[in-house]
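*Asks:* Generate coordinates for the sequence data below:
(one chain, ligands or ions: 2)
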Amino acid sequence: MNEHWEPGDEESAAYQAWAAQEDAYEAWVEREIAAGRLEERVPEEWEIEGPAISLSLGDATDIDPELLAAICGPDGLGGEALGPQFGQDRPADALRPTPVLAALTEQAVSGIARLTDDELFGALHAARRLENRAAYLQSLAVAEFGRRRAGELANATGRGVRPGHRPGEHADLELSGEMLISRGEAGNLLVAADDLTSRLPRTLEAMAAGLIDARRASIIAFYTGSLRPEHAAQADEILAKVAPQVRPETLASRAAALEMKLDPQAVRDRREHAKRTRQRVEVRRELSGNASVAGRELDPAVAMASKANIHGLALRLRRSGLPGTLDALRTLVFNDLLQSRNPLDRASASSGGPGYAADDATIPEDWSPGDIPPPPEAPADDDWEPGEGSADELSDYSDYEDTDQGNPGQPDSVPEPEPTPMPAVINLLVHADTLLGWDTTPSQAAGWGLLDPADTRAMVRAASQHPATRWAVTLLGADGTAVAHGLSAGQHPWEPAQGAAGSHGAQLADLLHRLNVTLQPIARKTCDHASAENRYRPSRKLKNLLRARTATCTAPGCQCQAIFCDQDHTIPYPNGPTCQCNLGPKCRTHHRAKQAPDWKLEQLQPGVFRWTFPSGRTHTTGPTVYA
Ligand SMILES: [Zn+2]
Ligand SMILES: [Zn+2]
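*Replies:* Ligands and ions are numbered 1, 2, ... in the order given. So this is what the prediction gives:
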């Protein structure tokens, strides 16, 4: 062991906190035993025996010897069961990925059947930190290899050696043969490793500490690859903090949003390049043995309009009585359109078939009818409120069903067609401090995530022509979470003014004025119950407020959009109020899980949820941070 070792502040504080907790617990146990309230526990046989192993710890071991002693017990490793040290927030659960952690994890896993669920997850997380550390080591090796070959190549080029005869020319090919991966993959590894070791120090550091894995690191490297060094440094700082806390998909959309904010032109160039060189129709074999047809690298506005058209036609088929899930009907429409048949011919052919209730089509599209019955205590839908609008008021995107989609079966042959008018809820995200428009702020469109400002304008313009489209405004605070939200009644067709880019702020101000939105505050920290309602089902108004605050299911890592979620009472109604402080979106799956006896959910503050899993581990999630 290195004698000159100095404890890090964090580790030593963590150890002291842990030790204090342990001491207090021991004292309590002794008192309880003395008072006869607790029986002294005799350790089980497996807890005292166990193989003794000895470790040779190199200089890489940056671990507090006292901490190690505490973990291993008075008789060294194996003297005491290791399992409890892997419980949530216990020492081994937070230990850096060093050879010591590797040894402890091996030891704990060797008696895996004895671990509690909580300890099992602790061991899993420890193994992942070690894996991430290994990814860090691989990055160092790949980067060093890449630099050697690049140096040789530069040298040969400098000496005037002809292309094709220069040493170091085929680094990607060499690496691909060494690792038995494709040349493209090897090339990506070389680029990412070079970026990580040269301009993404925070991300690299987090990999070394076991907090960021190879996949997340490559996402960060990809979305910062086109940025200038100072912007890359800025993005590195932000994304390295976000990465360990979110799913890779979320990290990718945050990274893309950041990239768009920092250098929109770089994003546009990449997109244009991909469109020019890789736009295609692809027919592939699925793993199952079936096949897929896809248009790749399409313009997002065109793709969204196609999706809306397919969805609208499928809903019309369903209303005409055609059986099948929406997925099946959309597939039918998709194939009809591709093979120049009119899908609506199926509607006339099937008229007289079994009818569907009009509100069948309001079932969220991502789950099948009959999947789960509504909660038994739910009273009938009394959602409609005078003054809130009539049947065409702002609602789910599933309000599509009342709308007439134009021109099926007539593929547009214009190279860059104007997007078809489509129904949408246009939610303007407005930063309270800047009040800038979509010129600089990446926007979200129907859950599609980031879009180019020009795309957004085209899409908003197209959607605003549709009679079923409604407008909403979400005001964002400095931390990127929603502070207020409001809806606008009626249709507001919108034409972006042509001309100077500088006028977008004024345009937005004008638009907000015309929309005449009354913003409602979103409760934070405490709740004055101003938005509370005296009934079980929250009104659409309250639902929309809640969706603006929490845009996805509140379960950790769940990305199901709130629009497809139930607004669930954290404390069941009527014991818990129908109010911002007691409601939150749950997808059907998590709603069902939450009702299981071994799952627990609390709302600590309005919008702050603590989930306790059957393992006993807890996870806290907060309001949506908009990019
Ligand atoms: Zn409240
Ligand atoms: Zn969920």
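*Asks:* Contacts only, for the residue in the stretch 101-250 of the chain positioned nearest to ligand 1.
*Replies:* Of all residues in the stretch 101-250 of the chain, the one sitting closest to ligand 1 is residue 245 (27.0 Å; Cβ to the ion). Yep, even glycine has a C-beta here, placed from its N, CA and C like the rest. With contact set as Cβ atoms under 8 Å, 6 or more residues apart in numbering, residue 245 has no partners.
*Asks:* With residue 123 instead?
*Replies:* Residue 123 touches 86, 105, 108, 109, 112, 115, counting by Cβ under 8 Å, 6+ apart.
*Asks:* One more pass at 10 Å, please.
*Replies:* 82-83, 86, 92-93, 104-109, 112, 115 (Cβ atoms under 10 Å, 6 or more residues apart in numbering).
*Asks:* Then residue 602?
*Replies:* Per Cβ under 10 Å, 6+ apart, neighbours of residue 602: 570, 571, 608, 609, 610, 611, 612, 618, 620.
*Asks:* Look up which residues are beta-bridged to it.
*Replies:* Note on residue 602: beta-bridge partners by DSSP bridges are residue 610.
*Asks:* Now do it against ligand 2, distance only.
*Replies:* 16 Å (Cβ to the ion, to the nearest Å).
*Asks:* Same check on residue 274?
*Replies:* 32 Å.
*Asks:* my read: residue 625 touches residue 476, true?
*Replies:* Yes: with contact defined as Cβ atoms under 10 Å, residue 625 counts as touching residue 476 (9.1 Å).
*Asks:* Please identify every residue contacting each of the two.
*Replies:* The contact sets of residue 625 and residue 476 overlap at residue 482 (Cβ under 10 Å, 6+ apart).
*Asks:* Count the residues that sit near whichever residue of the stretch 51-200 of the chain sits closest to ligand 2.
*Replies:* For the stretch 51-200 of the chain and ligand 2, the shortest gap (Cβ to the ion) falls at residue 121, measuring 19.1 Å. Residue 121 is flanked by 19 other residues according to other Cβ atoms under 10 Å.
*Asks:* Check it and give its pLDDT.
*Replies:* pLDDT recorded at residue 121 is 96.
*Asks:* What helix or strand is it located in?
*Replies:* Element membership of residue 121 [criterion: DSSP states H and E] is helix 117-158.
*Asks:* for residue 426, same thing?
*Replies:* Here residue 426 is assigned to strand 425-431, by DSSP H and E.
*Asks:* List only those of the contacts of residue 123 flagged as buried.
*Replies:* Neighbour counting over those (16 or more other Cβ atoms under 10 Å) leaves 82, 83, 86, 92, 93, 104, 105, 106, 107, 108, 109, 115 as the buried ones.
*Asks:* Turn these into a markdown table, columns for pLDDT and secondary structure.
*Replies:* Converted to a markdown table, these look like this (pLDDT from 0 to 100; DSSP: H, G, I helix; E, B strand; the rest coil):
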| residue | pLDDT | secondary structure |
| --- | --- | --- |
| 82 | 78 | coil |
| 83 | 82 | helix |
| 86 | 90 | helix |
| 92 | 86 | helix |
| 93 | 88 | helix |
| 104 | 89 | helix |
| 105 | 92 | helix |
| 106 | 91 | helix |
| 107 | 88 | helix |
| 108 | 89 | helix |
| 109 | 90 | helix |
| 115 | 93 | coil |
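*Asks:* Also near ligand 1: which of these, exactly?
*Replies:* Restricting the buried ones among the contacts of residue 123 to those within reach of ligand 1 (Cβ under 5 Å from the ion) leaves nothing.
*Asks:* Tell me which two of the residues you listed sit farthest apart.
*Replies:* Longest distance between any two of the buried ones among the contacts of residue 123 is 16.0 Å, between 93 and 106; criterion Cβ to Cβ.
*Asks:* which stretches of the stretch 251-400 of the chain form helices?
*Replies:* Listed in chain order, the helices of the stretch 251-400 of the chain (DSSP state H, counting those that start in this stretch) span 264-278, 300-319, 326-338, 344-350.
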